[in-house]
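S.K.: When you get a sec, could you give me coordinates for this:
(chains A and B)
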2 protein chains.
Amino acid sequence: MDIKSYLKERCRVVDGALERYLPREDDLPFNLHRAMRYSVFAGGKRVRPILMLAACEAVGGTVDQALPAACALEMIHTYSLIHDDLPAMDDDDFRRGNPTNHKVFGEATAILAGDALLTEAFILLSDDGASAGVAPVARLQVIREIAVCAGSRGMVGGQVVDMESEGHRDIDFATVQYIHTHKTGALIKASVRSGALLGGASPGQLDAVTRYGEAIGLAFQIADDILDIEGTTEEIGKDAGSDEARGKATYPAVIGLAESKRLAAELVDRAFEALSPLGAPAEPLRQIALYIIKRKS
Amino acid sequence: MDIKSYLKERCRVVDGALERYLPREDDLPFNLHRAMRYSVFAGGKRVRPILMLAACEAVGGTVDQALPAACALEMIHTYSLIHDDLPAMDDDDFRRGNPTNHKVFGEATAILAGDALLTEAFILLSDDGASAGVAPVARLQVIREIAVCAGSRGMVGGQVVDMESEGHRDIDFATVQYIHTHKTGALIKASVRSGALLGGASPGQLDAVTRYGEAIGLAFQIADDILDIEGTTEEIGKDAGSDEARGKATYPAVIGLAESKRLAAELVDRAFEALSPLGAPAEPLRQIALYIIKRKS
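M.R.: From the prediction side, this is the model:
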């Protein structure tokens, strides 16, 4: 398969659905909806929704079954970026080369746009019209899966520990692992598990997809940490070396660059191994993993 | 019925359930869970959860059926207060006589504690263990009801318009009505409608409770606006006259104090009228309305 065209096509499908699901800019309050849309359509690669669709198909489901939940997850991811960028948090002026939400709409609207995107995700997840015939029990399972992974013991928890660790030069490996498995890993895991649940996965299939998700979630983050050191500002969309300048808890900072690269490769192997029971329908999941780890080349 | 003992007893029931449902302070990340609990247990009167329980019983349901959703709604209410108080928003140092969340835990943690409380609400709403035998379809309806009322076309929308109107002396009646029906009214309506849905309401019962909720949601807000003018700082838990000082869009500012009092009384009449088909089981809903409007006396 041609992974680049596959990702481009899936990105188009997700963007089209987000366009339909998000409140329109001419619905009151205009400015809030403009702010929500600004960040959702600021050039995201839609990694999480694409993973959800691929996981759904890998267990025998269809794109339609997972598309609303995939968009909901992207809304949650976007809210987390808006709040992360706030002056009280990472205080970033740019993301993916564009001014951050609070630089364009002001801090108050940015906070509320984040809140509204998080809430909109659950509106979409509980929308009968968007459910594509998925059983109510499975839909509740997916809501719970996503909420747990996004909450205080998932993504938000990772963000808190990341923030508390910033500037501490003596962060240990366990803390870096906690931050990464929670801050970014939890939502990646939620994306593939939700896709599998919506596609009607058997317990064995769900387990395979879960182990894949855990491995690649961590691999993606390590790849990001490496890119922050080796990439150019243009490639990263923010200043190169900014993690180090900020004293961020990263893998290269704690276990070194070479060992980080070795670990990322090992995690991809582990992800492939996990998928073996799923056979050919899991091929996109394999290709996505390879592509994202190697996206520099 | 003795409404004061009723409210006190229900408050105790809700507090006990919140204690059980919220993440513990000795669960990682400690500080985040401490911040979440700090604001949830900062002396709230539990009006929304108590309304939800009363609405559930008014249509023939039980307290157990609505208790988890009632706690979820209180978490959403609490998150909205934490974010409202932030320096970028209302910049309040005190709420109910206590230092606000960001004054105790810092701005970043306060933002994340709000995010986590909003998310925790949906964890609880989608928790099978807490569902007390309510059918999955009804649970999805309640999740949607609450999410819509809390989102960009509900509570958050009202907050945005309120913020944008601040300091504009020429706010019209329609804008004040938009702010109040959304910022506070939406969650009140969600509380009684969710209670009725969880209690297995007929369409007629749901309609009665909805009209009651719309009327008292607005009445409560007008009563609050009046209290801000006539109450003492001790009664209000914040500086008296602070709405006026800030140029807040309030009913007394737009239609005058006397007309505001007349409107509040009319809304309570309307709420009583709406409840007439429900008979005696709706008595607590009637008493709650009267008590809250007259709480100064």
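
S.K.: Going along the chain, name the strands of the stretch 51-200 of chain A.
M.R.: A:94-95, A:98-99 (DSSP state E, counting those that start in this stretch).

S.K.: Name every strand pairing with the last one and say which way it goes.
M.R.: I take that to be strand A:98-99. strand A:94-95 (antiparallel) (DSSP bridges).

S.K.: coming back round to it: please identify the deepest-packed of the strands of the stretch 51-200 of chain A.
M.R.: Compared across these, strand A:94-95 shows the largest average neighbour count, a mean of 18 (mean count of other CB atoms under 10 Å in any protein chain shown). For the C-beta atoms, the positions are set from N, CA and C on the backbone; glycine is no exception.

S.K.: That strand - what's its average pLDDT?
M.R.: What strand A:94-95 shows for mean pLDDT is 94.

S.K.: same deal with stretch A:126-137?
M.R.: On average, stretch A:126-137 scores 90.

S.K.: can you tell me if that stretch touches chain B.
M.R.: Yes - against chain B, stretch A:126-137 shows contacts by CB under 8 Å from any CB of the partner chain at A:126-128, A:136-137.

S.K.: Now list the buried members of those residues.
M.R.: Among those, the ones that count as buried by 16 or more other CB atoms under 10 Å in any protein chain shown are A:126-127, A:136.

S.K.: A:Gly247 reaches A:Asp162, doesn't it?
M.R.: No - using CB atoms under 8 Å, A:Gly247 makes no contact with A:Asp162, being 11.3 Å away.

S.K.: Settle it for me: which of those two has more neighbours?
M.R.: Taking neighbours as other CB atoms under 10 Å in any protein chain shown, A:Gly247 and A:Asp162 compare with A:Asp162 leading, 24 against 14.

S.K.: Which of the helices or strands spans the residue positioned nearest the centre of chain A?
M.R.: Nearest residue to the geometric centre of chain A (CA atoms, centre = their mean): A:Arg48, 4.5 Å. Applying DSSP states H and E as the criterion places A:Arg48 in helix A:47-58.

S.K.: could you give the mean pLDDT of that helix?
M.R.: 98.

S.K.: Would you state the helices of the stretch 101-250 of chain A in chain order?
M.R.: For the stretch 101-250 of chain A, the helices defined by DSSP state H, counting those that start in this stretch cover A:101-105, A:107-125, A:136-150, A:155-165, A:173-183, A:185-198, A:203-230, A:233-236, A:242-246.

S.K.: Show me what the longest one is packed up against.
M.R.: The elements that helix A:203-230 packs onto, with contact taken as 3 or more CB pairs under 8 Å, 6 or more residues apart in numbering or on different chains; DSSP states H and E, are helix A:47-58, helix A:173-183, helix A:185-198, helix A:233-236, helix A:242-246, helix A:251-255, helix A:257-275, helix A:283-293.

S.K.: rerun that using 7 Å as the cut-off
M.R.: Contacts defined by 3 or more CB pairs under 7 Å, 6 or more residues apart in numbering or on different chains; DSSP states H and E place helix A:203-230 against helix A:173-183, helix A:185-198, helix A:233-236, helix A:242-246, helix A:251-255, helix A:257-275, helix A:283-293.

S.K.: And the fourth one, by the same measure?
M.R.: Using 3+ CB pairs under 7 Å, 6+ apart as the contact test, the elements touching helix A:155-165 are helix A:173-183, helix A:185-198, helix B:30-40, helix B:107-125.

S.K.: pull the helix or strand with minimum mean pLDDT from chain A.
M.R.: helix A:233-236 (a mean of 64; mean pLDDT, DSSP states H and E).

S.K.: quick one on the thing from earlier: closest one to A:Ala110 among the helices and strands packed on helix A:155-165?
M.R.: Ranking the helices and strands packed on helix A:155-165 by their distance to A:Ala110 (criterion: CB to CB) puts helix B:107-125 first, at 10.4 Å.

S.K.: what about the host helix or strand of A:Val13 and chain B, touching?
M.R.: Under the criterion DSSP H and E, the helix or strand holding A:Val13 is helix A:3-21. No - interface with chain B: helix A:3-21 contributes nothing (CB under 7 Å from any CB of the partner chain), its closest point being 12.3 Å away.

S.K.: residues making contact with that helix?
M.R.: Residues external to helix A:3-21 that are found in contact with it (CB atoms under 7 Å, 6 or more residues apart in numbering or on different chains): A:40, A:45-46, A:49-50, A:53, A:63, A:67-68, A:70-71, A:74, A:124, A:284, A:287, A:291.

S.K.: Render the CA-only coordinates of it in PDB, please.
M.R.: What follows is helix A:3-21 as a C-alpha-only set of coordinates in PDB (Å, rounded to 0.1, in the frame of the first residue of the first chain):
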ATOM      1  CA  ILE A   3       1.000   4.900   2.900                       C
ATOM      2  CA  LYS A   4       1.300   8.600   1.900                       C
ATOM      3  CA  SER A   5      -1.800   8.500  -0.300                       C
ATOM      4  CA  TYR A   6      -3.600   6.500   2.300                       C
ATOM      5  CA  LEU A   7      -2.900   9.100   5.000                       C
ATOM      6  CA  LYS A   8      -3.800  11.900   2.700                       C
ATOM      7  CA  GLU A   9      -7.100  10.300   1.700                       C
ATOM      8  CA  ARG A  10      -8.000   9.500   5.300                       C
ATOM      9  CA  CYS A  11      -7.100  13.000   6.400                       C
ATOM     10  CA  ARG A  12      -9.600  14.300   3.800                       C
ATOM     11  CA  VAL A  13     -12.300  12.000   5.100                       C
ATOM     12  CA  VAL A  14     -11.700  13.100   8.700                       C
ATOM     13  CA  ASP A  15     -11.500  16.800   7.700                       C
ATOM     14  CA  GLY A  16     -14.800  16.600   5.900                       C
ATOM     15  CA  ALA A  17     -16.500  14.900   8.800                       C
ATOM     16  CA  LEU A  18     -15.100  17.500  11.300                       C
ATOM     17  CA  GLU A  19     -16.400  20.200   9.000                       C
ATOM     18  CA  ARG A  20     -19.900  18.700   9.300                       C
ATOM     19  CA  TYR A  21     -19.800  17.900  13.000                       C
END
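
S.K.: Buried residues of that helix, list them for me.
M.R.: Buried residues in helix A:3-21, defined by neighbour count with 16+ other CB under 10 Å: A:6-7, A:10-11, A:13-15, A:17-18, A:21.

S.K.: mind putting those in JSON lines, distance to A:Ala108 included?
M.R.: Shown next, in JSON lines, are the buried residues of helix A:3-21 (distance: CB to CB, whole Å):
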{"residue": "A:Tyr6", "distance to A:Ala108": "40"}
{"residue": "A:Leu7", "distance to A:Ala108": "36"}
{"residue": "A:Arg10", "distance to A:Ala108": "35"}
{"residue": "A:Cys11", "distance to A:Ala108": "31"}
{"residue": "A:Val13", "distance to A:Ala108": "34"}
{"residue": "A:Val14", "distance to A:Ala108": "29"}
{"residue": "A:Asp15", "distance to A:Ala108": "28"}
{"residue": "A:Ala17", "distance to A:Ala108": "29"}
{"residue": "A:Leu18", "distance to A:Ala108": "24"}
{"residue": "A:Tyr21", "distance to A:Ala108": "25"}
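
S.K.: can you redo the helices and strands packed on helix A:155-165 as TSV with distance to B:Lys189?
M.R.: As requested, the helices and strands packed on helix A:155-165 are exported to TSV (distance: least, CB to CB, whole Å):
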stretch	distance to B:Lys189
helix A:173-183	35
helix A:185-198	30
helix B:30-40	22
helix B:107-125	16
